[in-house]
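*Asks:* Take a look and give me a structure for this.
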Amino acid sequence: MDILRSVFIFILAGICEIGGGYLIWLSIREDKPLWYGILGGAIMIAYGIVATFQESNFAKVYATYGGFFIVLSLLWAFVFDKYIPTKYDIMLQLLNRGKSGVYSAAARLSVAIRSAKRSPWTTTCA
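*Replies:* The predicted structure follows:
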């Protein structure tokens, strides 16, 4: 369940970051109304908050999130900009997913090791 929760948070954070950035992009580069940019900025703030819902430390969360961001960016571009990813886009995405998997596994392993070191027999009573 923790893994599903973590993946959900990464996806939600990605939608906030990419969606917010996209609205700002549209406001500035595509001459959309100013409120697009303002709404995009608010959504980008939400992204920063959503990312804090992860249980690991900042470095591991953001390193792992990088892989999700690349996948979600390509999906966003495909859906909203009708961009067809090149073979290089896909190769980069696969490499980054591998990197994200290593960081995610390392984070879970370090939590398991720390938990294993805590023994009820080594605690002292005051």
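*Asks:* got any ranges where this structure has weak pLDDT?
*Replies:* Counting by pLDDT under 70, the chain shows low-confidence ranges at 1, 97-126.
*Asks:* Okay, helices next: where are they in it?
*Replies:* With helices called from DSSP state H, the chain shows them at 2-29, 34-51, 58-80, 87-117.
*Asks:* Any chance of those in CSV with mean neighbour count as columns?
*Replies:* The C-beta positions use only the backbone N, C-alpha and C, and glycine is treated the same way. Supplementary listing: the helices of the chain in CSV, determined by neighbours: other Cβ atoms under 10 Å:
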stretch, mean neighbour count
helix 2-29, 17
helix 34-51, 15
helix 58-80, 17
helix 87-117, 13
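*Asks:* wait, isn't residue 85 in contact with residue 75?
*Replies:* No: taking contacts as Cβ atoms under 8 Å, residue 85 lies outside contact range of residue 75: 9.1 Å.
*Asks:* Which residue comes closest to residue 85 once chain neighbours are left out?
*Replies:* Setting aside the residues directly before and after it, residue 85 is nearest to residue 74 in space (Cβ to Cβ, 6 or more residues apart in numbering), at 5.0 Å.
*Asks:* any idea how far residue 93 is from that neighbour?
*Replies:* For residue 74, the distance to residue 93 (Cβ to Cβ, to the nearest Å) stands at 6 Å.
*Asks:* Can you check which residues contact both of these two?
*Replies:* residue 85 (Cβ atoms under 8 Å, 6 or more residues apart in numbering).
*Asks:* Surely residue 83 touches residue 77?
*Replies:* Yes: the criterion here is Cβ under 8 Å, and residue 83 meets it with residue 77 at 3.8 Å.
*Asks:* for residue 4, what are its contacts?
*Replies:* Neighbours of residue 4 in contact, by Cβ under 8 Å, 6+ apart: none.
*Asks:* Kindly report the same for residue 62.
*Replies:* Contact partners of residue 62, counting by Cβ under 8 Å, 6+ apart, are residue 51.
*Asks:* How about the one 10 residues further on?
*Replies:* Under the criterion of Cβ under 8 Å, 6+ apart, the neighbours of residue 72 are 11, 14-15, 18.
*Asks:* What residues does the residue nearest the centre of the chain make contact with?
*Replies:* In the chain, the centroid-proximal residue (Cα atoms, centre = their mean) is residue 65; its distance is 3.3 Å. Residue 65 is in contact with 10, 13-14, 51, 100, counting by Cβ under 8 Å, 6+ apart.
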